[in-house]
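A.B. asks: 3D, please:
(2 chains)
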Amino acid sequence: MADDSAAHCALPANVDETLELLKRGQYIGERSLATVLFLAIKLGRPLFLEGEAGVGKTEIAKVLATALGRPLIRLQCYEGLDVNSAVYEWNYARQMMEIRLAEAAGDRDRERLESDIFSKRFLIERPLLQALRPGIGGAPVLLIDELDRTDEPFEAFLLELLSDFQVSIPELGTIKAAEAPITIITSNRTREIHDALKRRCLYHWVDYPNAARELEILKIKAPGAADALSRQIVAFIQRLRHGNDLFKLPGVAETIDWADALTQLDKVALDPETIDSTLGVLLKYQDDIQKIQGSEAARLLDEVKQDMVGLPGV
Amino acid sequence: MTTQNGQITAEEGRLAENVLYFARTLRAAGLPVGPGKVHEALEAITAVGIGERRDFYWTLHSTFVNRRDQQEVFDQTFHLFWRNPKILDKLKGLLLPDVTADGLRDAAEQEISRRVADAFSPPRQTPKEPQENAEEEIEVDASFTYSARERLQEMDFEKMSLDELEAAKRAIRALKLPLQEVKTRRFRAAPHGRRIDLRASLRASLRGGGDHIPLNWKEPRTRRPPLTVLCDISGSMARYSRMVLHFMHHLSNDRDRVHSFVFGTRLTNITRQLRYKDIDVALEKVGAEVEDWSGGTRIGGCLKDFNRQWSRRVLGQGAVVLLITDGLDREGARGVGEEMERLHKSCRRLIWLNPLLRYDAYAPKSQGASAMIGHVDELRSAHSINSLADLAAALSADPPAREEAASQWIGKSA
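C.D. replies: So this is what the prediction gives:
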């Protein structure tokens, strides 16, 4: 057992091992992803993942943390995020209490008090500072999620952190990570990220999986769904993604959700009525739903069924 | 300057004079060269000494050029100016009008930019080039028609002349795009703000040893909304596109978060090309990038491309869209309605700039225009974009109320 957990913590030594690592975390990924992931770990560079919503970008970081047995530190970005809520803040209330207590005790040593109240005891560490501290079994996995939701000033702040993995706190000095955290940055492209930041990262575009891979994912993530149903689901969604002119294509997350939903409804195969009534799981725009609902859904289903006829195991 | 002249010998005295003329030529070519620069240049020359031509070049370069995009103009001016001392004599003070740009152009081996040529030629006497006039006459016919074929060609932009540059600068200075600022979730300290800034208050109280807590206030910061410009560059828009591009260039360099696209038969993102500070360089890059100048228009298809590929990326955070087109579509407005609706839903405000609106009798009756009119927040005229000044005026007027702006036209189109 001890050996086993040690093996979990070891970083992958090549691309194959990285692929293996992902598989152990129940993540079915392309080899290209494993390659760039391996490079990011090996070179200690942040990895910038871009792709449509629901293709599993955030999941990669989670899987990596679990599979490596390292803590995951997540910074969810939002507009207005600033240094005080992302890096550190002084605990002003406690500092003030400390002053009062010192006064009450008749302690007049101002210099000692000053150096005392700006010590680490009064520092509230936010995710980015925490990520610079060594975690259990090595540097943590740092996930900076949906970076495109912040504004440019914060992005600019990240530049120092991502290139040197250090943070300057005026009262304490510079804190530098002994070992760079494994950093994953994700973006949904609701805004273009500045070149300066991208330059410091390795870049990878996470695409929708092909049918075989998506079926594999379904088998792992929605094991309750009948085999025939899973095949139909994947075939239907693949058609939806490629043939149709939708404003927002369904992601892998939607596929899994749909499989779960249909399992809950005790379905073993797709039929037009079920598709119509559960379309809201897949499509999130009224225009898209209107376009697919009814005859179009029935047509797609017919095509899917025709394709399935010749396949073994159906 | 006089003391300097007094100190140096006759030989050097002429040099000082020449450097002065050189500086004036540079200024005429559009570089920001003031009298102080001349002084600096002379000091630099005195320090370096006059030996090789190359050293001399870099000495002057170091004082007169302080941005990368000025390099080209400096280079051309330098080579023309210091080539022949006789030209130099003639050029004294730029008062002698007998040196023409043409003569210089013969002398120069490489192509010189129109700005530099203008700087050498006497000011205000350049007649309008006949080529330009002819072009305009043809285009007057073209302004109400649209080409049905897709024409792929590279457009070689004529370099901006000094007069144009000046006119554009003047107009642009007067230009303010009156977009209402939006509140952000970031705060700034404000004595009359409505919210208490606890962090700052505690910090301020620590300064006094925590005896009392003075309240500090904050308010949300505001910022300009992101701006996306979509410009039609089809044949029917040809006479406007150039000035519109100048306008887009100004916008790109004036504020952050401006995304620029042009479309004819296909959509091209020219945001990066327009980031070059020098207008000539920027337009050259744009000309090389865009493939469908002055061809037909596929408004529906291009808007669809934009909606599918770009809208999520550039229309985040409450963007304003400026759509510059005459609404003449070669495909009988196929898909225009739906795509306009989608675009309208994706942005905070959609402004349609229509150059045809300057004709009093204009009504959005063409298929494209009538499909578009229902989906814009504002319809504005861009009276002869040629002059740009009018465009500035049109844009700087107070924006009308949101819903009503286009409504007067909706009746007309029916």
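
A.B. asks: which residue would be the closest one in chain A to chain B?
C.D. replies: residue A:80 (2.8 Å; CB to the nearest CB). (Each C-beta comes from the backbone N, C-alpha and C, glycine too.)

A.B. asks: now that residue: closest residue in space that isn't a chain neighbour?
C.D. replies: Spatial nearest neighbour of residue A:80, chain neighbours left out: residue B:185 (2.8 Å); criterion: CB to CB, 6 or more residues apart in numbering or on different chains.

A.B. asks: just the buried residues of the helix or strand containing the one you found, please?
C.D. replies: Assigned by DSSP states H and E, residue B:185 falls within strand B:182-189. Using 16 or more other CB atoms under 10 Å in any protein chain shown as the test for burial, strand B:182-189 gives B:182, B:184, B:186-187.

A.B. asks: ok, and of the residues you listed, which contact chain A?
C.D. replies: Among the buried residues of strand B:182-189, the residues lying close to chain A (CB under 8 Å from any CB of the partner chain) are B:184, B:186.

A.B. asks: which stretches of chain B have low pLDDT?
C.D. replies: Residues of chain B that meet the criterion pLDDT under 70 lie in B:1-13, B:84-115, B:121-180, B:209-210, B:239, B:358-361, B:381-414.

A.B. asks: so which elements touch the lengthiest helix in it?
C.D. replies: Criterion DSSP state H: the longest helix present in chain B is helix B:10-28. When contacts are defined as 3 or more CB pairs under 8 Å, 6 or more residues apart in numbering or on different chains; DSSP states H and E, helix B:10-28 sits against helix B:2-7, helix B:35-48, helix B:53-64, helix B:71-81, helix B:114-120.

A.B. asks: quick check: phi and psi at the residue in the stretch 251-400 of chain B that chain A sits nearest to.
C.D. replies: Residue nearest to chain A within the stretch 251-400 of chain B: residue B:316 (4.0 Å; CB to the nearest CB). According to degrees, to the nearest 10, the main-chain angles of residue B:316 amount to phi -70, psi 170.

A.B. asks: on that earlier part again, tell me the one of the buried residues of strand B:182-189 nearest chain A?
C.D. replies: Of all these, the one sitting nearest chain A is residue B:186; the distance, using CB to the nearest CB, is 4.9 Å.

A.B. asks: residues contacting that closest one?
C.D. replies: Applying CB atoms under 8 Å, 6 or more residues apart in numbering or on different chains to residue B:186 gives the contacts A:80, A:82, A:151, A:153, B:220-221.

A.B. asks: I'd say residue A:217 and residue A:23 touch.
C.D. replies: No. Counting by CB atoms under 8 Å, residue A:217 stays clear of residue A:23, with 11.5 Å between them.

A.B. asks: quick one: the strands in the stretch 101-250 of chain A?
C.D. replies: A:123-125, A:141-145, A:166-169, A:173-176, A:182-187, A:202-205 (DSSP state E, counting those that start in this stretch).

A.B. asks: tell me the contacts of the most centrally placed residue in chain A?
C.D. replies: Closest to where the C-alpha atoms of chain A average out (CA atoms, centre = their mean) is residue A:58, at 1.2 Å. The neighbours of residue A:58, taking CB under 8 Å, 6+ apart as the test, are A:143, A:145, A:186.

A.B. asks: at 10 Å what do you get?
C.D. replies: With contact taken as CB atoms under 10 Å, 6 or more residues apart in numbering or on different chains, residue A:58 is in contact with A:49, A:74, A:76, A:143, A:145-146, A:184, A:186, A:253.

A.B. asks: can I get the buried part of these as one PyMOL selection?
C.D. replies: Applying 16+ other CB under 10 Å to the contacts of residue A:58 leaves a buried subset, and the PyMOL line that selects it is:
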select buried, chain A and resi 49+74+143+145+146+184+186
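
A.B. asks: okay if I get the contacts of residue A:58 as CSV plus pLDDT?
C.D. replies: Compiled in CSV, the contacts of residue A:58 are given as follows (pLDDT from 0 to 100):
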residue, pLDDT
A:49, 94
A:74, 95
A:76, 94
A:143, 96
A:145, 95
A:146, 93
A:184, 96
A:186, 95
A:253, 92
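
A.B. asks: what would the contacts of residue A:58 look like in a markdown table with distance to residue B:249?
C.D. replies: Shown next, in a markdown table, are the contacts of residue A:58 (distance: CB to CB, whole Å):
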| residue | distance to residue B:249 |
| --- | --- |
| A:49 | 34 |
| A:74 | 41 |
| A:76 | 38 |
| A:143 | 39 |
| A:145 | 36 |
| A:146 | 32 |
| A:184 | 38 |
| A:186 | 34 |
| A:253 | 42 |
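
A.B. asks: can you list the contacts of residue A:58 in JSON lines and add distance to chain B?
C.D. replies: Listed next are the contacts of residue A:58 as JSON lines, based on distance: CB to the nearest CB, whole Å:
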{"residue": "A:49", "distance to chain B": "16"}
{"residue": "A:74", "distance to chain B": "20"}
{"residue": "A:76", "distance to chain B": "14"}
{"residue": "A:143", "distance to chain B": "21"}
{"residue": "A:145", "distance to chain B": "16"}
{"residue": "A:146", "distance to chain B": "11"}
{"residue": "A:184", "distance to chain B": "20"}
{"residue": "A:186", "distance to chain B": "15"}
{"residue": "A:253", "distance to chain B": "17"}
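
A.B. asks: check which helix or strand residue B:337 maps to.
C.D. replies: helix B:336-346.

A.B. asks: that helix near chain A anywhere?
C.D. replies: Yes. Residues of helix B:336-346 contacting chain A under CB under 10 Å from any CB of the partner chain: B:338, B:341-342, B:345-346.

A.B. asks: can you pull the buried residues of that helix?
C.D. replies: B:336-344, B:346.

A.B. asks: now swap in stretch A:212-232 and tell me
C.D. replies: Neighbour-count burial for stretch A:212-232, counted by 16+ other CB under 10 Å, picks out A:214-215, A:217-218, A:221-222, A:225-226, A:229-232.

A.B. asks: let's see which of these end up in helices.
C.D. replies: Checked against DSSP H, the buried residues of stretch A:212-232 include these in helices: A:214-215, A:217-218, A:221, A:229-232.

A.B. asks: can I get these in TSV with distance to residue A:121 and pLDDT?
C.D. replies: Output for these, formatted as TSV (distance: CB to CB, whole Å; pLDDT from 0 to 100):
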residue	distance to residue A:121	pLDDT
A:214	51	93
A:215	54	94
A:217	47	93
A:218	50	93
A:221	44	90
A:229	57	92
A:230	55	93
A:231	59	93
A:232	60	93
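
A.B. asks: farthest pair within those residues?
C.D. replies: Greatest spatial distance among those (CB to CB): A:221 and A:232, at 16.5 Å.

A.B. asks: surely residue A:54 touches residue A:257?
C.D. replies: Yes. Counting by CB atoms under 10 Å, residue A:257 is a contact partner of residue A:54 at 9.1 Å.

A.B. asks: so which strand or helix has the closest residue to residue B:189 other than its chain neighbours?
C.D. replies: Spatial nearest neighbour of residue B:189, excluding adjacent residues (CB to CB, 6+ apart): residue B:218 at 5.6 Å. Per DSSP H and E, residue B:218 falls inside strand B:217-223.

A.B. asks: got it, and residue B:350?
C.D. replies: For residue B:350, the host element (DSSP H and E) is strand B:349-354.

A.B. asks: re the thing from before, and the residue of the stretch 251-400 of chain B closest to chain A, how many neighbours does it have?
C.D. replies: Neighbourhood size, residue B:316 [other CB atoms under 10 Å in any protein chain shown]: 20.
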